[in-house]
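S.K.: Have a look at this prediction, sequence included:
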Amino acid sequence: MLSFNISRLRLGYILSLPVAMTVVAISPVQAQISDSPATPNQSETPADNSTNTQDMRSLSQSDSLLSLKGGQKLMQEADQAIDNQQYDLAAQKLQKARQLFNQLSNFHLQLSESFSGIDNRIAEEQRLKALETGQMRDEATYQLALVHRAQNQPELSVPLLIQVVRSQNPTSELGKKSYQQLVEIGFAQEPFSTPTSPTSGK
């Protein structure tokens, strides 16, 4: 029988990643009905602008259903559940995080493609964010596969691990770890070692 120790992925570096600040909707300004004309130097104007700026950045909050912070919070909760061996709860959190990061990655990629050739600065920014969130998705997917193994459900791990190998490339660190899991499960037989580049002899 296969046995293994489930190793938790470290999430510290994820928390340092930049948070996507997405502008949503700007509420129309209500016209003030007054007998006297409005004075342009009212002290309330800066405060209102500051409040509106915070409202526009609501997707940066951790309780948002479509934000990096929201996904990071789910990953932290899954990490705590794994510590407590609450694998069903961990699987639920990781599945939600995986779906959220996948949506973010797709949305950033679509924006990058839309601005390509029009504004390359925006296109590159969105491309990098697509890569970042795609990496987070693959980390959550790999972690979910480990949780399924801990639940003695390796058949659920196989498609997840294959997705990571395809997304990351077999030569990447996460790709190699995912393939090694497939070998341990018994889905693949041949171990994989990174090919070494030929060196010129003297």
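M.R.: Cool, the structure landed.
S.K.: Just name the shakiest helix or strand of this structure by mean pLDDT.
M.R.: Every helix and strand in the chain was compared by mean pLDDT, DSSP states H and E; the lowest is helix 12-15, with a mean of 36.
S.K.: tell me which residues in the helix or strand where residue 165 lies are buried?
M.R.: Using DSSP states H and E, residue 165 sits within helix 154-168. Across helix 154-168, burial judged by 16 or more other Cβ atoms under 10 Å covers 154, 157-158, 160-165, 167-168. All C-beta spots, glycine's among them, are computed from the backbone N, C-alpha and C.
S.K.: will you turn those into a markdown table that also has distance to residue 147?
M.R.: Formatted as a markdown table, the buried residues of helix 154-168 follow (distance: Cβ to Cβ, whole Å):
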| residue | distance to residue 147 |
| --- | --- |
| 154 | 11 |
| 157 | 9 |
| 158 | 14 |
| 160 | 10 |
| 161 | 12 |
| 162 | 17 |
| 163 | 15 |
| 164 | 14 |
| 165 | 18 |
| 167 | 19 |
| 168 | 19 |
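S.K.: closest to residue 92 among those?
M.R.: Residue 92 has its nearest neighbour among the buried residues of helix 154-168 in residue 160, at 14.7 Å by Cβ to Cβ.
S.K.: what sits up against stretch 176-183?
M.R.: For stretch 176-183, contacts defined as Cβ atoms under 8 Å, 6 or more residues apart in numbering pick out 142, 145-146, 149, 157-158, 161-162, 164-165, 168, 170, 188-192, 194.
S.K.: one more time with 6 Å, if that's ok
M.R.: 142, 161, 164-165, 170, 188, 191-192 (Cβ atoms under 6 Å, 6 or more residues apart in numbering).
S.K.: Farthest pair within those?
M.R.: Using Cβ to Cβ, the pair of these lying farthest apart is 142 and 191, separated by 18.3 Å.
S.K.: shouldn't residue 81 be in contact with residue 90?
M.R.: Yes - contact criterion Cβ atoms under 6 Å: residue 81 and residue 90 qualify, at 3.8 Å.
S.K.: Those two: who's more crowded?
M.R.: residue 90 (26 against 19; other Cβ atoms under 10 Å).
S.K.: From residue 139, how far off is that one?
M.R.: Distance, residue 90 to residue 139, using Cβ to Cβ, to the nearest Å: 14 Å.
S.K.: Before I go, just wanted to say thanks for your time.
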